[in-house]
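K.L.:
Need a 3D model of the following:
(one chain, ligands or ions: 1)
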Amino acid sequence: MIEPLPLKSIHHVELLVGNAKQAAFYYRKAFGFSQLAYAGPETGVRDQASYVLQQGDIRLVVSTPMFPTDPMSVHLQKHGDGVLDIAFLVDDVDACYNEAVGRGARAALPPYDRADEFGRIRRAKIRAYGDTLHSFISLADYRGPFLPGYQLRRRPSAGAGLKKIDHIVGNVEDGRMNDWGTYYNKVLGFHQFMSFDDKDISTEFTALRSKVMADPTGTIKFPINEPAAGRKKSQIAEYLDYNLGAGVQHIALLTDDIVHTVSVLRDNGVEFLQVPPSYYDIVWDRVGDVDERKDDIRELGILVDRDESGYLLQLFTKPVEDRPTLFYEIIQRKGCEAFGKGNFKSLFQAIEREQAERGNL
Ligand code: FE2
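P.N.:
From the prediction side, this is the model:
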C-alpha cells in the first residue's frame, strides 16, 4: 500500500485557449459560470490574460499567452484549446512535490513563491499524461480573491446548478493506460476504483479500455482511456490525432438537479450529443423507476443508468472547440458511483455519427 499524497481538493483546472476573453464569455453565458477574478496587463501580468470562472466549488481558469515565444503558445499551437493544469490544493507544497518526484513523477517546476499585496502562495508543478500538468498549491498565507497577480473582477451569473467536479478523464496512447494507472498509484497513491475493457466499451466499429483511478476519499477521480483495436478508428484515436497526443478528454460536472441544469444549458445554446429516440423505448425496462419525470428526461435527451447501489443521470456535450477534443459531461448521482456503463453503446454510436460527419470513421 502506497501512502497517498495529502491532496485536499482540486483547486482549479486551467485551460489554455486561443482567446481567453471570448472563452470566458462562453463559459459565463453558455454554462452559467460567474467570473471571479482576472489577471493580465491591467493587473501587472504582462505575458498572459487569465479569467477565473466559478460555479459551486468548480473553478476554471481560461488563459491566453500574449506572445508567440511563450511556451504556452507552443502548447496552444500544438494541442489547440484544452486543459493545461489540474491543480491540487495542499498544505505542504515542498513535501508533496519532493515525494511525488521521489516516487518517479517527472518534474515540471520546482517549488516557488508568488506574492502580492494579499500575501504569499507556494506552488510547484509535475507532469502527467501528454503535456498536462499537476500543480500543488498552498494558500495558507494568502487572502486574495484567487492567486497572486489576479484582481477581483466579479461578473455574476444566474448559474446552471453545477456544483463540483465529479471526475476528469484523460485519453492516452494505445498501450499506455496501465502505465498511467501505475503513475497515479505510485506517485499520488490513488487506487483503482473501477475498470472497463473493450468488451464493456465497444460497438460494431470502435472500442476503448478505461481504468478509473481515485484518491482515498473517492472525491478525486481520474478515469484513463486508451483506444482498443476495432474495425474503424476509435473516438480515442481521433482525439489523439487532433490533440497531437494524450490529454484531458472530458470534465464531468456534478449537479443535484440535472433536469434544471440541462434545461438551462440547452436554452443557452450548449450542444449535446444526441442518442436516437429509440433509446427511450427500452431505457425504463433497463433502469426501472426514477424520481424525475420521464418526459423531462426524454425531452432533454438525458441518459440514465443504474447499478446495484442506485442510478445516475448524465449527458455529454459535443466538443467545445473546433478540434474534436475536450468536451464536458453533466452528471447527477442518485446513489450510483459508476460511470454509466449501460449507456456506453448508444453513446458511442452517437459519437461515431459525429466522427463520420468529420470524415474520421
Ligand atoms: Fe465521464
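K.L.:
And the one helix or strand residue 166 maps to, how far out from the chain middle?
P.N.:
Counting by DSSP states H and E, the element that carries residue 166 is strand 162-171. Averaged C-alpha coordinates place strand 162-171 at 4 Å from its chain's average position (CA atoms, centre = their mean, to the nearest Å).
K.L.:
Now do the buried residues in it.
P.N.:
In terms of neighbour count (16 or more other CB atoms under 10 Å), strand 162-171 has its buried residues at 162-163, 165-171. Every C-beta, even on glycine, is put in place using the N, C-alpha and C of the backbone.
K.L.:
Show me the strands paired with it, marking each as parallel or antiparallel.
P.N.:
Listed by DSSP bridges, the sheet partners of strand 162-171 and their directions read strand 221-228 (parallel), strand 247-255 (antiparallel).
K.L.:
Identify all contacting residues around the longest helix anywhere in the chain.
P.N.:
Across the chain, the helix with the greatest residue count (assigned by DSSP state H) is helix 344-357. Outside helix 344-357, the residues within contact range by CB atoms under 8 Å, 6 or more residues apart in numbering are 196, 200-203, 205-206, 232-233, 235, 238, 273-276, 279, 303, 316, 318, 324, 340, 361.
K.L.:
and if we set it to 6 Å?
P.N.:
Residues external to helix 344-357 that are found in contact with it (CB atoms under 6 Å, 6 or more residues apart in numbering): 201, 203, 205, 235, 238, 273, 275, 279, 361.
K.L.:
export those residues to CSV and tack on secondary structure, neighbour count and pLDDT?
P.N.:
Converted to CSV, these look like this (DSSP: H, G, I helix; E, B strand; the rest coil; neighbours: other CB atoms under 10 Å; pLDDT from 0 to 100):
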residue, secondary structure, neighbour count, pLDDT
201, coil, 21, 70
203, coil, 19, 73
205, coil, 17, 71
235, helix, 26, 88
238, helix, 24, 93
273, coil, 21, 92
275, coil, 20, 87
279, helix, 20, 90
361, coil, 18, 83
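K.L.:
what comes up buried for stretch 119-131?
P.N.:
So stretch 119-131, judged by 16+ other CB under 10 Å, has buried residues 121-126, 128-131.
K.L.:
again with stretch 145-152
P.N.:
In stretch 145-152, the ones that count as buried by 16+ other CB under 10 Å are 146-151.
K.L.:
Let me know the distance separating the residue in the chain sticking out farthest from the centre from the ion.
P.N.:
For the chain, the residue at maximal distance from the C-alpha centroid (CA atoms, centre = their mean) is residue 117, at 31.8 Å. Going from residue 117 to the ion by CB to the ion, to the nearest Å gives 40 Å.
K.L.:
burial measure for the nearest residue to that residue once chain neighbours are set aside, as a count.
P.N.:
The spatially closest residue to residue 117, leaving aside those adjacent along the chain, is residue 144, at 7.8 Å (CB to CB, 6 or more residues apart in numbering). Taking other CB atoms under 10 Å as the criterion, the count of residues near residue 144 is 18.
K.L.:
Check the secondary structure at residue 144 for me.
P.N.:
Put simply, residue 144 is coil when judged by DSSP: H, G, I helix; E, B strand; the rest coil.
K.L.:
In JSON lines, list the contacts of helix 344-357 along with distance to residue 57.
P.N.:
Converted to JSON lines, the contacts of helix 344-357 look like this (distance: CB to CB, whole Å):
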{"residue": "201", "distance to residue 57": "29"}
{"residue": "203", "distance to residue 57": "35"}
{"residue": "205", "distance to residue 57": "38"}
{"residue": "235", "distance to residue 57": "29"}
{"residue": "238", "distance to residue 57": "32"}
{"residue": "273", "distance to residue 57": "26"}
{"residue": "275", "distance to residue 57": "29"}
{"residue": "279", "distance to residue 57": "31"}
{"residue": "361", "distance to residue 57": "37"}
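K.L.:
In CSV: these, plus distance to the ion.
P.N.:
As requested, the contacts of helix 344-357 are arranged in CSV below (distance: CB to the ion, whole Å):
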residue, distance to the ion
201, 12
203, 17
205, 20
235, 13
238, 17
273, 12
275, 15
279, 18
361, 21
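K.L.:
those helices in the protein, which residues are they?
P.N.:
Defined through DSSP H, the helices belonging to the chain, from first to last, are 20-29, 71-79, 93-102, 177-188, 235-243, 258-267, 279-287, 294-300, 344-357.
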